[in-house]
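Colleague: Provided below for reference: sequence and predicted model.
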Amino acid sequence: MSNSKETFTIHDVASAPADSKPLLENSEKAYGYIPNLHGVLAEAPGLLEGYQVLHELFSNSSFNNDELTVVWQTINVEHACHYCVPAHTGIAKFMKVDDAITDALRNKTELPNAKLQALHNMTLSVTKNRGKVSKEEMETFFEAGYNQRHLLEIILGLSQKVISNYTNSIAETPVDESFQQFAWEK
């Protein structure tokens, strides 16, 4: 285990702190490998566990795959996460999300439909303004077909993304080989 403040260890099951070992085993079972992000998070077992729990909760929220992608990628792009934007591009392909949605999010262009655009706008506002959104923004969001639960679930997605985006920024986590083809930078 490295104590260097400059290079973060990417743990595997053998090198991880004891409390992270079963969490990394779960990652390996779920993905067929241990994502580099999970390997970095393993240094702090509570952070890895929190990330995994938040990911599961948000994945099972009331959002469909297109909407999950809009929330994740809006936050990833806003936080300029060199790791999560390519990872969620690959995840979106796996989830059968239309490339037009992913491309619009990556390139900061208009989304293919007004409802997804409203979700993007609200997610971006919640992220940029640290939750301080206007009544007008909420009315527009609700008029697009969303409700209070959706607004609160954006916060759930943001909570997950703060863990990953901030960790990747600090640790300069290398993008997993399977997602390198989707490389992105701000």
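Modeller: Cool, the structure landed.

Colleague: now do the helices in this protein.
Modeller: Counting by DSSP state H, the chain has helices at residues 21-31, 36-41, 45-59, 65-78, 84-94, 99-107, 114-128, 135-143, 148-171.

Colleague: could you say which of those helices is packed most deeply?
Modeller: The highest average neighbour count among the helices of the chain, using mean count of other CB atoms under 10 Å, belongs to helix 36-41 at a mean of 26. No exception for glycine: its C-beta is placed from N, CA and C like everyone else's.

Colleague: ok, Gly90 touching Glu177?
Modeller: No - the pair Gly90 and Glu177 does not pass the contact test of CB atoms under 8 Å, sitting 10.8 Å apart.

Colleague: can you list the domains in this structure?
Modeller: Domain segmentation of the chain under automatic domain parsing yields 1-60, 63-182.

Colleague: hey, least reliable of these by pLDDT?
Modeller: Lowest mean pLDDT within the domains of the chain: domain 1-60, a mean of 93.

Colleague: chain center to that one, what's the gap?
Modeller: For domain 1-60, the distance from its own C-alpha centre to the chain's C-alpha centre is 15 Å (CA atoms, centre = their mean, to the nearest Å).

Colleague: separation between the residue nearest to Phe8 when sequence neighbours are not counted and Ala144?
Modeller: With sequence-adjacent residues excluded and distances taken as CB to CB, 6 or more residues apart in numbering, Phe8 is closest to Ala171, at 3.8 Å. According to CB to CB, to the nearest Å, Ala171 and Ala144 sit 36 Å apart.

Colleague: mind checking the helices of the chain for the one nearest to Ile10?
Modeller: helix 36-41 (3.8 Å; CB to CB).
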